[in-house]
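1. build me a model from this:
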Amino acid sequence: MAKETVIVGMSGGVDSSAVAYILKEQGYNVIGVTMDIWQCGLSEAEDARQAAAQLGIPYYIVDFKKDFKEKVINYFIDEYQKGNTPNPCIACNRYIKWEALLKYAEETGADYIATGHYARIIKLANGRYTASQPAACRKDQTYVLYSLEQKHLRHTLMPAGDYTKEEIRAIAKKAGLNVADKSESQDICFVPDGDYASFIEHETGRKCTAGNFIDEDGNILGVHKGIENYTIGQRKGLNLPAKQPYYIKRIIPSTREIVLGDAESVFTDTVFADNINYMAVDSLKEPIKLTAKIRYAHAGAECEVIPLPDGRLECHFKEEQRAVTPGQAIVFYENGYIFGGGRIIQPC
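-> Numbering: from 1, shown residues only. As a prediction, the model looks like this:
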C-alpha cells in the first residue's frame, strides 16, 4: 500500500515543525508548505525552510496573498467599521489554512493537510467529525477552529493535540530542529504593533472618523478618536474625566456613538449569534444545555442554547458574562468537543 501524503502548513514555529517530524516518523509522505499571505513573514518562511531541510522533506512556498486580502484583511476592516471586534485568526483558519490549503492539497494529490494546532479531530458515533480539546487543555486552540466544515475535518491531521507544549518542544529538540526553543508569536501577523486603527487607515486611505462618547441616557460625555479604536468592555484609553471609571457598553456605527456605562453595565446573561456552523450535528431543532466560550481566553460557562426560526441562536448563560463582544465568536462545547459556534451579534 502506497504511503499517504500529507501537506503540513509550516509557519516557521516549533509546533508545525514538530508535527512534520511526528508525521514523517508515523510513515506519512510529508510535504512542507508555507502559506505566503502577508509581507511580514519572511523570517518565518526561512525558519520553516530550514526545518524542512533538517527533516529531509520537500518544501514549498505557496502564494495565498489574494485569498488572504479578500477573506481576512477585508473582513477585518469591514467588521471594525461596523463597530464589531473581528477575530481574523478564525477567518484565516476557515478560508486560508483550510479552504485554500486543502484545495492546493487536492490539486497536488495529497490525502491530508496538517497543522500545529493543539486540538484533536474525532469522529462521533453519528459519523460526524468535530474538534476536541487536546491532551493539555491549558493549550486548547479549539475555539479558533469552530468554523471548519466536515469536508475540512475529515482530511485534517492534528498530531500536536496529543501532546503538551513542553513535549512538543522536546520532540523538536530530539529531531534537531533549530526552532525547538523559538518563542510564540502573540500578535495578529499583519498588525504586529497592535495599532488596528492605523492599519485600517493605511489600507483604506481614510482617516478614522471621530464621534461622541455618550452615557446610557444619550448625554454627550466627550469625543472619541473613531470607533475602530475601541471594543466592548474597554476601560483604558478613553481619556474622560470621571469620579467613577467608564466602560464601553455598546458601539453604534450608524451614528458613530459609543455608549459608556459603569462596570456592571457590561455584564449580560443573553447572547445572540448568527453565521452558525454545526460540527457535532447537522442542525439544532430543540433547546440544549451546553458550555460556551465567548472569547479565546474565556474559561467557558454553562448555558442553554435555543435555535431561532431564522437560523440564529439565542444563548442564556447560567451566570452573567462580562464584555460579550459583537464580532467575536461564541463556541459551544459538549463533553470536551465542539458542538458548534457562530458570530456574536448585537441583541435585537
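2. got the contact list for Asn178?
-> Asp47, Gln50, Ala51, Gln54 (Cβ atoms under 8 Å, 6 or more residues apart in numbering). C-betas here are computed from N, CA, C, even on glycine.
3. for it, phi and psi?
-> phi -60, psi -20 (degrees, to the nearest 10).
4. that one and Ala52: what is the separation?
-> 11 Å (Cβ to Cβ, to the nearest Å).
5. returning to that earlier point: dump the contacts of Asn178 into JSON lines; add distance to Trp38, pLDDT and secondary structure as well.
-> As requested, the contacts of Asn178 are arranged in JSON lines below (distance: Cβ to Cβ, whole Å; pLDDT from 0 to 100; DSSP: H, G, I helix; E, B strand; the rest coil):
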{"residue": "Asp47", "distance to Trp38": "16", "pLDDT": "95", "secondary structure": "helix"}
{"residue": "Gln50", "distance to Trp38": "20", "pLDDT": "97", "secondary structure": "helix"}
{"residue": "Ala51", "distance to Trp38": "20", "pLDDT": "97", "secondary structure": "helix"}
{"residue": "Gln54", "distance to Trp38": "25", "pLDDT": "97", "secondary structure": "helix"}
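6. with only the CA atoms kept, save the longest strand along the chain in CSV.
-> For the chain, the strand that runs over the most residues, judged by DSSP state E, is strand 267-278. Extracted in CSV, the C-alpha atoms of strand 267-278 (Å, rounded to 0.1, in the frame of the first residue of the first chain):
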residue,chain,number,x,y,z
PHE,A,267,-22.4,42.1,32.1
THR,A,268,-25.2,40.1,30.4
ASP,A,269,-26.7,36.6,30.5
THR,A,270,-28.1,36.6,27.0
VAL,A,271,-26.2,36.4,23.7
PHE,A,272,-27.4,36.2,20.1
ALA,A,273,-25.4,34.6,17.3
ASP,A,274,-25.6,34.2,13.5
ASN,A,275,-23.4,32.5,10.8
ILE,A,276,-23.8,29.3,12.7
ASN,A,277,-21.6,26.3,11.9
TYR,A,278,-22.6,23.0,13.5
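7. contacts for the strand or helix carrying Ala18 next, please.
-> Element membership for Ala18, per DSSP states H and E: helix 14-25. Helix 14-25 is contacted from outside by 6, 8-10, 30, 32, 47-48, 51-52, 55, 57, 114-118, 157-160, 168-169, 171-172, 175, 177, 179-182, using Cβ under 8 Å, 6+ apart.
8. tell me the buried residues in stretch 181-190?
-> Using 16 or more other Cβ atoms under 10 Å as the test for burial, stretch 181-190 gives Lys182, Ile188, Cys189, Phe190.
9. and which of these is nearest Phe339?
-> Nearest to Phe339, judged by Cβ to Cβ, of the buried residues of stretch 181-190 is Ile188 at 27.1 Å.
10. for the stretch 51-200 of the chain, which segments count as strands?
-> For the stretch 51-200 of the chain, the strands defined by DSSP state E, counting those that start in this stretch occupy 59-63, 112-114, 120-123, 129-132, 156-157.
11. burial count for Asp67?
-> Using other Cβ atoms under 10 Å, Asp67 has 18 other residues around it.
12. what sits closest to it if chain neighbours are left out?
-> Ala100 (4.9 Å; Cβ to Cβ, 6 or more residues apart in numbering).
13. residues touching the residue nearest to Asn84 when sequence neighbours are not counted, list them.
-> Of all residues not flanking Asn84 in the chain, Gly327 sits nearest, at 2.8 Å (Cβ to Cβ, 6+ apart). By Cβ under 8 Å, 6+ apart, the residues touching Gly327 are Glu79, Lys82, Asn84, Thr85, Pro86, Asn87, Arg343, Ile344.
14. might you list the low-confidence residue ranges for the protein?
-> 1-2, 40-41, 186, 348 (pLDDT under 70).
15. helices along that one, start to end?
-> For the chain, applying DSSP state H gives helices covering 14-25, 42-55, 65-68, 74-81, 88-92, 101-107, 150-153, 165-174, 196-204.
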